[in-house]
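In: Pasted the sequence and its predicted model underneath.
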Amino acid sequence: MQADKRKPLKTVSPPTPMLTLAIESSCDDTAAAVMNDNRLLASLRSGQEDIHSRFGGVVPELASREHLRAVQPLTEATLQEAGVSLADIELIAATRGPGLVGSLLVGFSFAKSISYVTGIPFVCVDHLAGHILSAFLNETGPDFPCVSLTVSGGTSAIYLAESFTRFRCLGRTRDDAAGEAFDKVAKLLGLPYPGGPQVSKLATEGNPAAFKFPRSWLGDSFDFSFSGLKTSVLNRVNRFRQKGEEVPVNDICASFEAAVVEVLTVKTLKAALKNEVKDITIGGGVSANLALRESLARECTKNGIKFHAPQLAFCTDNAAMIALAGQHQFAENGACENLLDTDVYSRSPLGQ
Ligand code: KG4
């Protein structure tokens, strides 16, 4: 179990201060957080990397079972760390989707059950809304409207965020998500799961110009495509192997990362300039990538745009972003009225 150590928040308060318990279980991280009046009191995560790494990816059945094991003790530990009891909680927020249905069902049903038994109001939160808003967990948050690049293992999309609850999808991946491409390239190079951090670490030792891997621009659209890039990396690696030559892993990683970072940076900047926004945010696991953060920060400075990246603990899946999104959603739309009939979803209405 890991605690997200961070400073108190100073972001925009939701209209009604409320002590919120949030639960997140969309993939392979069980997470819980307690937030009060825009101050994060506790945020804990129980990861499953050790369980899935030997399979080279998340095994859904094992993930669900692990969530079942972790969710209650993790929630109790989070309440304890926040110094509050369940009786103090005024709002429960839980991730409804997108993600693995079995994983989602564990955290969502657990949170719904608490709400049903205690009568504490409940809000369903879209995981992507959490990632879009995660930079608002910073001490100084962006202004609306802003452009948000959301890049994780299941998603790559650019949003125009008009408020804490209104997001317009400007473009999204037509095939693999950016994180998925990192994970697949890592797997073909024989690196452990999750591959993103491994590939980016080796990339720092390699030459980003060693191989000119393809960039898929898809005309003027803000959509992405990473499958051609992944196939190109595979073909290059196979050529080395067929000739019995050593694969220059560091150069492959650096050149692959450079291709992903260039496309993500150029499209996000174009989206911001076209929509005349003054702030860009990033979120999702791939937003932990240092090369991407540096590239976006550099281009934003050149174009007079403010760049906001979440703290590393809030790039990957966490419940603090679910608490923040849930508070604003409750303030604007109220609680979920149809608790027992509300189910999880694997695909988001926000687009994936
Ligand atoms: O947001 P997240 O924790 O879970 C999803 O909702 O998917 O993102 C996990 C993804 C994985 O694909 C992982 O390889 C990638 O984020 N990732 C990275 C880095 N850290 C995590 N990709 C590139 N560079 C990183 N430093």
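Out: On my side now, so go ahead. Numbers count the residues shown, from 1 in each chain.
In: Tell me which residues of stretch 64-80 come out buried.
Out: By neighbour count on 16 or more other C-beta atoms under 10 Å, the buried set for stretch 64-80 is S64, R65, E66, H67, L68, A70, V71, L74, T75, A77, T78, L79. C-betas here are computed from N, CA, C, even on glycine.
In: from these, which single one is nearest N207?
Out: Using C-beta to C-beta, E66 comes nearest to N207 of those, at 39.2 Å.
In: what's the spacing between that closest one and the ligand?
Out: E66 sits at a distance of 15 Å from the ligand (criterion: C-beta to the nearest ligand atom, to the nearest Å).
In: could you say which helix or strand contains that residue?
Out: Using DSSP states H and E, E66 falls within helix 60-82.
In: Give the rounded mean pLDDT of the helix or strand following that helix.
Out: Sequence order places strand 91-97 as the next helix or strand after helix 60-82, per DSSP H and E. Computed over strand 91-97, the mean pLDDT rounds to 97.
In: How far does whichever helix or strand comes after strand 91-97 sit from its chain's centre?
Out: The helix or strand immediately downstream of strand 91-97 is helix 101-118, counting by DSSP H and E. With C-alpha atoms, centre = their mean, to the nearest Å as the basis, helix 101-118 stands 21 Å off its chain's centre.
In: helices or strands up against helix 101-118?
Out: Judged by 3 or more C-beta pairs under 8 Å, 6 or more residues apart in numbering; DSSP states H and E, the packing partners of helix 101-118 are strand 19-24, helix 60-82, strand 91-97, strand 122-126.
In: Select, out of these, the one closest to A186.
Out: Closest to A186 of the helices and strands packed on helix 101-118, according to C-beta to C-beta: helix 60-82, at 18.9 Å.
In: What angle do strand 19-24 and the closest one make with each other?
Out: Counting by axes from the mean of the first three to the mean of the last three C-alpha atoms, to 10 degrees, helix 60-82 lies at 160 degrees to strand 19-24.
In: got the angle between helix 60-82 and helix 101-118?
Out: For helix 60-82 against helix 101-118, the angle by the same axes, to 10 degrees is 40 degrees.
In: Which neighbouring elements make contact with helix 60-82?
Out: In terms of contacts (3+ C-beta pairs under 8 Å, 6+ apart), helix 60-82 is packed against strand 19-24, strand 29-36, strand 39-47, helix 49-52, helix 101-118.
In: 7 Å instead, please
Out: Secondary-structure packing of helix 60-82 (3 or more C-beta pairs under 7 Å, 6 or more residues apart in numbering; DSSP states H and E): strand 29-36, strand 39-47, helix 49-52, helix 101-118.
In: Check those for me and report the most buried one.
Out: Highest mean neighbour count of the helices and strands packed on helix 60-82: strand 29-36, a mean of 28 (counted as mean count of other C-beta atoms under 10 Å).
In: I'd like the average pLDDT over it.
Out: Taken as a whole, strand 29-36 has an average pLDDT of 97.
In: and if you look at stretch 72-82?
Out: When pLDDT is averaged along stretch 72-82, the result is 98.
In: Export only the CA atoms of it, formatted as CSV.
Out: Provided in CSV are the C-alpha atoms of stretch 72-82 (Å, rounded to 0.1, in the frame of the first residue of the first chain):
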residue,chain,number,x,y,z
GLN,A,72,-12.1,-3.0,2.3
PRO,A,73,-8.8,-2.8,4.2
LEU,A,74,-7.5,-0.1,1.9
THR,A,75,-10.7,2.0,2.5
GLU,A,76,-10.4,1.5,6.2
ALA,A,77,-6.7,2.5,6.1
THR,A,78,-7.5,5.6,4.0
LEU,A,79,-10.2,6.8,6.5
GLN,A,80,-7.8,6.2,9.3
GLU,A,81,-5.0,8.2,7.6
ALA,A,82,-7.5,11.0,6.9
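In: and the helix holding E66, how far from the chain's centre?
Out: Counting by C-alpha atoms, centre = their mean, helix 60-82 comes out at 19 Å from the chain centroid.
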